[in-house]
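Engineer: Just the structure for this:
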Amino acid sequence: MNRIVASPIAVAPKSDLAAPIARIVLLLTLAVCVVVPHSFQVATAALLGMSLILSLLVVRQSDWLQRLMTTYLLGVAITAFYIWLGTVHRAPRAASNQTIIVYIVAPFMWLMIGTVLYQQFGLERVTRILIRLTWAAIASVAAFFYLFLAFGVEAVRVLNENANVNVTEGFAGASILVYGSLIFLTGAVFAQPTMIKGRLARLILPGLLILCALTSGRSALILSVPIGALVGALLRGRIRKGHGEGQGLSVLLPTITLGVVGFAVLVVIDLFVDWFDLFVIFEIFYDELTSGGGSERTEQVGALWEGVQQSYGLGVGHGIGVPYLRSAEFPWRYEVIPMATLLRVGFIGTLVYMSTFIVYGLELARRSGGRLLRPEDVYMAGGFAAAAFAAFTNPYIESFVFQWMYFLPVLGLGVVANPGRGG
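Structural biologist: Model prediction:
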């Protein structure tokens, strides 16, 4: 009697089935968060949720991720305690809910999304993707200016409900949220311009970024140019051999090229653009720089520091503010994040929150000392430095949409691509 034997059917693991979908969704999520941040909030939240679920399905074990998860869990413990303390001090329920999203949910989400991005694409490809998104971000700025000036506020309301463009009396500025992304992208490009493929593009892209910065009305974006250039000058000489850069001219040439490009952009603006006055721009920039970000931020820092002293540096709890009111709708929010963090969670809590970035800085320093850096590491470090400095003037790190600027560089330093996925 013949026995019928069922032939085995190869069933792909769930992670293998989910990986192609995850790659598409992750790329779309990153593009939305970089190019049109906060413009389509419901769609963005849905994409982030899908990205997190798919990332949890396909993420693989990573020693670097485990180290970062340790610092994350310490931060969760600090957050939970200071949410409780804030509740004791009658913090609004909305403040507690926002704290959970910003300090617990969003960091975990970007740790997972960032890890899977690098595991699926590799550091080099993620960097190339960010370069392409830089072009898209610049195009969105140009489109915003054109549509607003040609057709009015209704033409750009989909991008920003409070859209505005100011090009009066030699000043230029716009209320477009992609400038937050451009702070990171500009710092990254000016740290490692050789990541841009093509000699002509290597001249055009930095020039366009300078133009975006000067017409943004954002001091943090203008500052990202010298911050990125400085990071690059310090780190490019520490790139390991075999990556096309070493000592001497190969290290100095990008800095020299960027200087020439910057000077050329300034000359072109001065000679051919009559609605834009460089003297006015730099005068405003200098005033903000020397005044510590303007009188509002200076007063804010003073009020926050007074609150820190009154709590003896122990922290007053999340959701608790000081007499200085920055927002009537959200009185517990402030723009100077480092000082606001000291007020909320004290010195020890602030160190715990910083521990993820301290681990990143120590590993970056170790690799720099051993000349083990990759060009992509320098690129990411330039973007991170610019975004970190911006935390003193804008609450980007407290936005779940902008936290990619802070976690992608950290994860990129140690997460390894899956076999066959890098490059």
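
Engineer: Skip ahead from the strand or helix carrying Thr115 and say which helix or strand is next.
Structural biologist: Using DSSP states H and E, Thr115 sits within helix 106-151. The element immediately downstream of helix 106-151 (helix or strand, assigned by DSSP H and E) is strand 165-166.

Engineer: what does the average pLDDT come to for the helix or strand just after that following strand?
Structural biologist: Sequence order places strand 173-174 as the next helix or strand after strand 165-166, per DSSP H and E. Averaged across strand 173-174, the pLDDT comes to 77.

Engineer: what's the next secondary structure element after strand 173-174?
Structural biologist: Downstream of strand 173-174, the next assigned helix or strand under DSSP H and E is helix 178-191.

Engineer: which helices and strands sit right next to that following helix?
Structural biologist: When contacts are defined as 3 or more CB pairs under 8 Å, 6 or more residues apart in numbering; DSSP states H and E, helix 178-191 packs onto helix 14-35, helix 106-151, helix 199-214, helix 219-235, helix 375-390, helix 404-412. To be clear about C-beta, it is placed using only N, CA and C from the backbone, and glycine gets the same treatment.

Engineer: from the middle of its chain, how far away would that helix be?
Structural biologist: Computed by CA atoms, centre = their mean, to the nearest Å, the chain-centroid distance of helix 178-191 equals 8 Å.

Engineer: For Ala381, see how far away Ile183 is.
Structural biologist: Distance, Ile183 to Ala381, by CB to CB, to the nearest Å: 14 Å.

Engineer: So for those two, which sits in the more crowded spot?
Structural biologist: The neighbour comparison of Ile183 against Ala381 (other CB atoms under 10 Å) goes to Ile183, with 30 against 27.

Engineer: That one and Gly414, how far apart?
Structural biologist: 24 Å.

Engineer: same thing with Ala143?
Structural biologist: Taken as CB to CB, the span from Ala143 to Gly414 is 37 Å.

Engineer: what about these two, which has more around it?
Structural biologist: Gly414 (19 against 14).

Engineer: and that one, helix, strand or coil?
Structural biologist: Of the three states, Gly414 takes coil under DSSP: H, G, I helix; E, B strand; the rest coil.

Engineer: Let me know whether it touches Asp63 as I believe.
Structural biologist: Yes. Gly414 is within contact range of Asp63, at 7.4 Å (criterion: CB atoms under 8 Å).

Engineer: A helix includes Tyr324, no?
Structural biologist: No. Counting by three-state DSSP, Tyr324 is located in no helix; its state is coil.

Engineer: Excluding covalently adjacent residues, which one is nearest to it?
Structural biologist: Leaving aside its chain neighbours, Tyr324 sits nearest to Ala303 (3.4 Å; criterion: CB to CB, 6 or more residues apart in numbering).

Engineer: what's the spacing between the one you found and His318?
Structural biologist: Relative to His318, Ala303 is positioned 17 Å away (CB to CB).

Engineer: ok, Thr341 - contacts?
Structural biologist: 349-350, 353 (CB atoms under 8 Å, 6 or more residues apart in numbering).

Engineer: and which of these is nearest Phe402?
Structural biologist: Of all the contacts of Thr341, Tyr353 has the smallest distance to Phe402: 16.2 Å, by CB to CB.

Engineer: what's the closest non-adjacent residue to that closest one?
Structural biologist: Gly75 (5.5 Å).

Engineer: Surely the one you found is in contact with Met354?
Structural biologist: No. Using CB under 8 Å, Gly75 is not in contact with Met354, being 9.3 Å away.

Engineer: Looking at those two, which one has more neighbours?
Structural biologist: Gly75 (21 against 15).

Engineer: So for the nearest residue to Gly232 once chain neighbours are set aside, what pLDDT did the model give?
Structural biologist: Leaving out its chain neighbours, the residue that sits closest to Gly232 by CB to CB, 6+ apart is Ala191, at 3.8 Å. pLDDT recorded at Ala191 is 96.

Engineer: any idea how far Arg67 is from Ala191?
Structural biologist: Ala191 is 24 Å from Arg67, by CB to CB.

Engineer: which of these two has more neighbours?
Structural biologist: The neighbour comparison of Ala191 against Arg67 (other CB under 10 Å) goes to Ala191, with 32 against 15.

Engineer: Now do the contacts for Val88.
Structural biologist: By CB under 8 Å, 6+ apart, the contact set of Val88 is Gly317.

Engineer: Could you measure from it over to Phe81?
Structural biologist: Separation of Val88 from Phe81 (CB to CB): 11 Å.

Engineer: measure stretch 271-278 end to end?
Structural biologist: The straight-line separation of the ends of stretch 271-278 (CA to CA, to the nearest Å) is 11 Å.

Engineer: my read: Leu314 touches Gly346, true?
Structural biologist: Yes. Leu314 lies in contact with Gly346 (CB under 8 Å); the separation is 4.5 Å.

Engineer: What is the neighbour count of the nearest residue to Ala22 once chain neighbours are set aside?
Structural biologist: Spatial nearest neighbour of Ala22, excluding adjacent residues (CB to CB, 6+ apart): Leu54 at 3.9 Å. When neighbours are defined as other CB under 10 Å, Leu54 has 23 of them.

Engineer: so Leu54, which of the three states?
Structural biologist: Taken by three-state DSSP, the conformation at Leu54 corresponds to helix.

Engineer: Run through the residues that contact it.
Structural biologist: With contacts defined as CB under 8 Å, 6+ apart, the neighbours of Leu54 are 18, 21-22, 25-26, 116.

Engineer: Just the mean pLDDT for the helix holding Thr115, thanks.
Structural biologist: Confidence for helix 106-151, expressed as mean pLDDT, is 94.

Engineer: Compute the inter-axis angle for that helix and helix 199-214.
Structural biologist: 80 degrees (axes from the mean of the first three to the mean of the last three CA atoms, to 10 degrees).

Engineer: closest to Ile281 out of the helices and strands packed on helix 178-191?
Structural biologist: In terms of CB to CB, the element of these nearest to Ile281 is helix 199-214, at 5.6 Å.

Engineer: Would you mark the buried spots in stretch 220-237?
Structural biologist: With burial defined by 16 or more other CB atoms under 10 Å, the residues of stretch 220-237 counted as buried are 220-225, 227-233, 235-237.

Engineer: Please consider this matter closed, and thank you.
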